[in-house]
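Student: coordinates only, no sequence provided:
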């Protein structure tokens, strides 16, 4: 085998091996939750620091800190306000952990990785529009609505002629070819429903 063919075969095998790697979802920057948490922590820290400096300067502590210390000293741990506060704090903590541990960007579908260091994604609405155009090319399809999810593509079509089974089969084949052409890392399953348009009058 010539050297050029060996190099091309080796590059093709390496590309296929690279494409087999799992392409995970894109991570969201979470700008709003991060800014919200940072603003709350900054405000609380500044207020507490101001109160501590005020007390060190022989001034009375702020009312909210005296009230909080009195409430914590007098209230029982199993009282209703304490349980409600603990539940709210736990819910906020779980929400922040969920934001930190999940990728986000559910509307972006990862595509196959063909080049190391390069990642591409496709918007779900754009993918649904491409599949809708493919579906409209099937003979007998009058209208179609495609909903694209991470693991499933649903198409609801109306056919004004041809047997429904034939239209459904051609539609499934067209959508399957369209999904392959999208180049997604994980191809979604296809669910097709075909019906007749409602009769007027």
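Tutor: Happy to help now that I have it. Just so it is clear, the model here is predicted, and its values are computed rather than measured. Numbers count the residues shown, from 1 in each chain.
Student: so the residue lying farthest from the centre of the chain is in which element?
Tutor: Distance from the C-alpha centroid of the chain peaks at residue 58, with 53.1 Å (Cα atoms, centre = their mean). Using DSSP states H and E, no element contains residue 58; it sits outside every helix and strand.
Student: go ahead and confirm residue 103 touches residue 30.
Tutor: No: the criterion here is Cβ atoms under 8 Å, and residue 103 misses it with residue 30 at 10.3 Å. In this view, the C-beta of every residue, glycine as well, is placed from N, C-alpha and C.
Student: so the two - more neighbours on which side?
Tutor: residue 30 (15 against 12; other Cβ atoms under 10 Å).
Student: once you drop chain neighbours, what's closest to the more buried one?
Tutor: If the residues on either side of it in the chain are set aside, residue 30 comes closest to residue 99, at 5.6 Å by Cβ to Cβ, 6 or more residues apart in numbering.
Student: contacting residues for the residue nearest to the spatial centre of the chain?
Tutor: Per Cα atoms, centre = their mean, the C-alpha nearest to the average position across the chain is that of residue 106, at 1.6 Å. With contact taken as Cβ atoms under 8 Å, 6 or more residues apart in numbering, residue 106 is in contact with 25, 124, 150.
Student: find the nearest non-adjacent residue to the first one, please.
Tutor: It refers to residue 25. Residue 25 sits nearest to residue 103 (Cβ to Cβ, 6+ apart), 4.2 Å away.
Student: how about residue 157, what does it touch?
Tutor: Contacts were defined as Cβ under 8 Å, 6+ apart; by that measure residue 157 touches 135, 141-145, 167, 171, 192-195.
Student: if we can go back for a sec, pLDDT value on the residue farthest from the centre of the chain, please?
Tutor: Looking at residue 58, its pLDDT is 83.
Student: now, which of the contacts of residue 106 sits nearest residue 87?
Tutor: Closest to residue 87 out of those is residue 25 (30.7 Å), distances taken as Cβ to Cβ.
Student: pLDDT score assigned to the closest one?
Tutor: 72.
Student: residue ranges for the helices of the protein, please.
Tutor: Taking DSSP state H as the test, the helices found in the chain are 3-19, 31-56, 63-74, 80-101, 124-136, 164-182.
Student: out of the ones you listed, flag the one nearest residue 118.
Tutor: helix 3-19 (10.5 Å).
Student: rewinding a little: how deep is the residue nearest to residue 30 tucked in, by neighbour count?
Tutor: With other Cβ under 10 Å as criterion, residue 99 counts 15.
Student: domains in the protein, by residue range?
Tutor: As recorded under automatic domain parsing, the domains making up the chain are 31-101, 121-195.
Student: can you put the ones you listed in TSV and add distance to residue 113?
Tutor: What follows is the domains of the chain, written out as TSV (distance: least, Cβ to Cβ, whole Å):
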stretch	distance to residue 113
domain 31-101	23
domain 121-195	7
